[in-house]
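A.B. asks: Please work out how this folds:
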Amino acid sequence: MRKFLIVTADDFGLHEAVNEAVELAARAGTLTAASLMVAAPAAADAVRRARNLPQLHVGLHLTLADGRAQLPPRDIPRLVDGHGRFGDRLMVDGWRYFALPRVRRELEAEIRAQFAAFARTGLALDHVNAHKHLHLHPTVLAKLIEIGGEFGAPAVRLPAEPLWFAKGVSSGALLGAAGLSPWLALARRRLDGAGIAHNDQIFGIARSGSMDESVLLEILARLPAGATEMYLHPATRSGEAIAPSMRGYRHADELAALLSPRVKEAIETRGVGRGGFRDLAAARGRRAA
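C.D. replies: Numbers count the residues shown, from 1 in each chain. All right, here's what the predicted structure looks like:
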């Protein structure tokens, strides 16, 4: 496949400053997709803006950690606290998904509720991914594929980041990227087996929260063949103003990168195909209805 680029904003709906940034970047023409947190505080504002942005491809940012659940706490007491928020103990929760049937039943119910909430927005479902890339967990991925099929999900993000990109950050980032290889291989096989489209590679994990202009220009200069997703966390404010867990995130710098004339020129001069995951699914003959 020739080069195809998807530029995505995650955490759409988390804060009005995020939603404002998504709208600005989409109208500027650089941002092609956004991933919606359906239960987040500013989700309704995000949906309102998305309805006025026909060029923006919106998907579901499935939230099962560090965020708010769609179902009330009484329905999923093993997943959330009394305020309906998930924790951030990914290793512990991952083990519980494997080992505890009651937890798996609550997990399935919450995943279904988030898909249903997205369907109620009336927006076309472009893709699915998960906050913290939790869809790499085999149990979550299996439920995502099963339930996503019921809701017509055409594509899923594959968080496969080239090692050269992680290596440029730190040895820890490189080891982390290498450690994902077995889970990525499993996810790729399952998605291909289910006829669900996915990107070939991604950029954004190793530099999450710091995808500034220089980083985007470096990626574009070395853009590989196939389908690439670059994902960012833009907002008109930065760090803890968006969420307590994002203290070091440079949201405003990421928005500036998306609005950069140099970045826009770098994309346009390379003549790459651009769009959303639904376009990718259609091009590859995968489920796009």
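A.B. asks: C-alpha from now on. contacts and neighbour counts both.
C.D. replies: Fine.
A.B. asks: ok, longest strand in this structure?
C.D. replies: Assignment by DSSP state E gives strand 4-12 as the longest strand of the chain.
A.B. asks: Report all helices and strands that the helix or strand just after it contacts.
C.D. replies: For strand 4-12, the succeeding helix or strand toward the C-terminus, using DSSP states H and E, is helix 16-28. On a contact count with 3 or more CA pairs under 8 Å, 6 or more residues apart in numbering; DSSP states H and E, helix 16-28 meets strand 4-12, helix 43-51, helix 251-259.
A.B. asks: Determine which stretch of those is the most buried.
C.D. replies: Of the helices and strands packed on helix 16-28, the one with the most neighbours on average (mean count of other CA atoms under 10 Å) is strand 4-12, at a mean of 26.
A.B. asks: That one to helix 251-259, inter-axis angle?
C.D. replies: 150 degrees (axes from the mean of the first three to the mean of the last three CA atoms, to 10 degrees).
A.B. asks: sorry, back to before: among the helices and strands packed on helix 16-28, which is nearest Val92?
C.D. replies: Of all the helices and strands packed on helix 16-28, strand 4-12 sits nearest to Val92, with 23.5 Å by CA to CA.
A.B. asks: So what's the gap between the closest one and the chain middle?
C.D. replies: Computed by CA atoms, centre = their mean, to the nearest Å, the chain-centroid distance of strand 4-12 equals 7 Å.
A.B. asks: now the helices and strands packed on helix 16-28 in a markdown table, with mean pLDDT and distance to Arg102?
C.D. replies: Formatted as a markdown table, the helices and strands packed on helix 16-28 follow (pLDDT from 0 to 100; distance: least, CA to CA, whole Å):
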| stretch | mean pLDDT | distance to Arg102 |
| --- | --- | --- |
| strand 4-12 | 98 | 28 |
| helix 43-51 | 98 | 29 |
| helix 251-259 | 98 | 38 |
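A.B. asks: Can you classify the residue nearest the centre of the chain by secondary structure?
C.D. replies: By CA atoms, centre = their mean, the chain has its centre lying nearest to Asn129, at 4.6 Å. Classification of Asn129 using DSSP: H, G, I helix; E, B strand; the rest coil returns strand.
A.B. asks: For beta bridges, what are the partners of it?
C.D. replies: Beta-bridge pairing for Asn129 (DSSP bridges): His61.
A.B. asks: re earlier: could you check the angle helix 16-28 makes with the longest strand of the chain?
C.D. replies: 160 degrees.
A.B. asks: quick revisit: now the helices and strands packed on helix 16-28 as CSV including distance to Ser35?
C.D. replies: Shown next, in CSV, are the helices and strands packed on helix 16-28 (distance: least, CA to CA, whole Å):
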stretch, distance to Ser35
strand 4-12, 5
helix 43-51, 10
helix 251-259, 15
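A.B. asks: out of those, nearest to Pro101?
C.D. replies: Pro101 lies closest, by CA to CA, to one member of these: strand 4-12, at 29.4 Å.
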